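Student: Just need the structure, nothing else, for what follows:
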Amino acid sequence: MAYSVRLIQVESHGDREVIVCDREGLPPIDINMYIIRFRGRSHLYRLKLASTITKIHLWAYERNIDITERMKSGEFLDFFEMESFREYLRLRADAPTASPQTIELAHNTFVGADTYRQRANQIISYLQFLGHVFTGTRKRSDPYSKNLNTFLTHFGQLLKEHQGLKYANQRYGLTEEAVNKLLWWVDPGNPENPFQDRVKLRNQLIVHILLLTGVREGELLSLRPDALIRKSYGHALRVTQNTTLNLDPRANPPNVKTYERDIPVSERIAQMTDIYIMTERKQRGRESAKAPPYLFLNSNVSPKPMTNRGITHLCDRIRALDPTMFKSLFPYLLRHTFNDLLVLTSGLDVDTEEFKNLHRELCGWAIDSRQGINYTKRSREFLAAQYLQKIEMQFMF
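Tutor: Take a look at the predicted model:
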């Protein structure tokens, strides 16, 4: 059976719910019971999770396999079926072909290693959930549970031994030259600034916050007008959950991915925030006052909260000005750049607990997260080059 993933808004409380439906529009119980376990996560996460889960059902449907019945009966999948699904899991949703002949085609055909790894883990977790559901209906003497564990172990090993293709782009931040050029382009005083006068300060503030605080795109779009607060050390931006979802008109409202936190900001960013609120944000008078309570609004006559597409458009305009320097300029790249700048300017050893704790706090990661390794590749390479130069200098006469 083929399934579709839907995002609906519950009128009673305004939350977005993710529901999987079959071809008749009916929600299958097992899949949706699994998805609902993740209600604490953002709706975007649940959308991706549901899309991944439906892949195994779509793959099975195309091969006339009832995956739910296979799990229930204990027949599971044979080796060739597992191999077939492994190849299927690598494909992008809009893959032009399943057998690319060039690396350029492969970029548009296969997902990267991180996405594949996440998909594989989610599929195994889902099948494990199904197995536990069906285990509960059997006698304790039934060998089903043992056979299930054997199947999941073998299937998991088979999926994870192939972690996706490795020629996806590495996560590099902007160079120092590119950072200076980017800040120059968005400066409202720059006569070559490509944006309309009524959004110049807003766009400059957005770039400064993304680049110099490391907040995620969704966190930026969830900021409230009172997000700027005074602390004993200066100013900070208070990043909170999107607590006014019932007032948010966006089709895919942003949300804070991890826990709430206060991020220190410079006096310059604090001043820019105050000026933006008192000038650009209020320049449309009552229309601005009637807008939902979010810091960043779009440029419509009747303004609404800014969307992810608005920030992407900002990057698109800058990229068009210098396609060579800003070839990879997308919102997420500014977060990677912040992480590079943090490594290069902190003066701390990146392997010390002091730096790791600082890094996790600023980026909103768990206290035991290792995510920082993925965000500091360019800065680590730069430091490695400096160390090698120092070693070489010791032996130069």
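Student: where's the nearest residue to Arg268 once chain neighbours are set aside, which helix or strand?
Tutor: Computed as C-beta to C-beta, 6 or more residues apart in numbering, the closest residue to Arg268 that is not its neighbour in sequence is His208, at 7.6 Å. (Glycine included, C-beta is placed from N, CA and C.) Following DSSP states H and E, one finds His208 within helix 200-213.
Student: Does Leu228 touch Ile275 like I think?
Tutor: No. Applying C-beta atoms under 8 Å as the test, Leu228 and Ile275 come out as separate, 11.3 Å apart.
Student: More neighbours: which of these two?
Tutor: Under the criterion of other C-beta atoms under 10 Å, the comparison of Leu228 against Ile275 puts Leu228 first, with 20 against 14.
Student: For the more buried one, which residues are in contact?
Tutor: Contact analysis of Leu228 by C-beta atoms under 8 Å, 6 or more residues apart in numbering lists His235, Ala236, Leu237, Arg238, Val265, Ala270, Thr273, Asp274.
Student: centre of the chain versus the helix or strand encompassing the last one, how much separation?
Tutor: Pointing back at Asp274 there. Using DSSP H and E, Asp274 sits in helix 267-278. Chain-centre distance of helix 267-278: 27 Å, with C-alpha atoms, centre = their mean, to the nearest Å.
Student: Next, the angle helix 200-213 makes with that helix.
Tutor: Angle of helix 267-278 versus helix 200-213, following axes from the mean of the first three to the mean of the last three C-alpha atoms, to 10 degrees, is 150 degrees.
Student: Give me the secondary structure label for Ile229.
Tutor: Classification of Ile229 using DSSP: H, G, I helix; E, B strand; the rest coil returns strand.
Student: Torsion angles phi and psi at Phe134?
Tutor: With angles defined as degrees, to the nearest 10, Phe134 sits at phi -80, psi -20.
Student: For burial, what's the neighbour tally of it?
Tutor: Per other C-beta under 10 Å, the neighbour tally for Phe134 reads 17.
Student: Now do the contacts for it.
Tutor: Listed by C-beta under 8 Å, 6+ apart, the contact set of Phe134 reads Met71, Lys72, Tyr144.
Student: Just among these, which is most surrounded?
Tutor: Within the contacts of Phe134, most neighbours by other C-beta under 10 Å means Met71, with 22 neighbours.
Student: The residue lying closest to it once chain neighbours are set aside: how many residues sit nearby?
Tutor: Counting by C-beta to C-beta, 6+ apart, Leu130 is the residue found nearest to Met71 once chain neighbours are left out, at 4.6 Å. For Leu130, the count of nearby residues is 19 (other C-beta under 10 Å).
Student: Pretty sure Leu130 sits against Glu69.
Tutor: No. With contacts counted by C-beta under 8 Å, Leu130 stays clear of Glu69, the gap being 10.7 Å.
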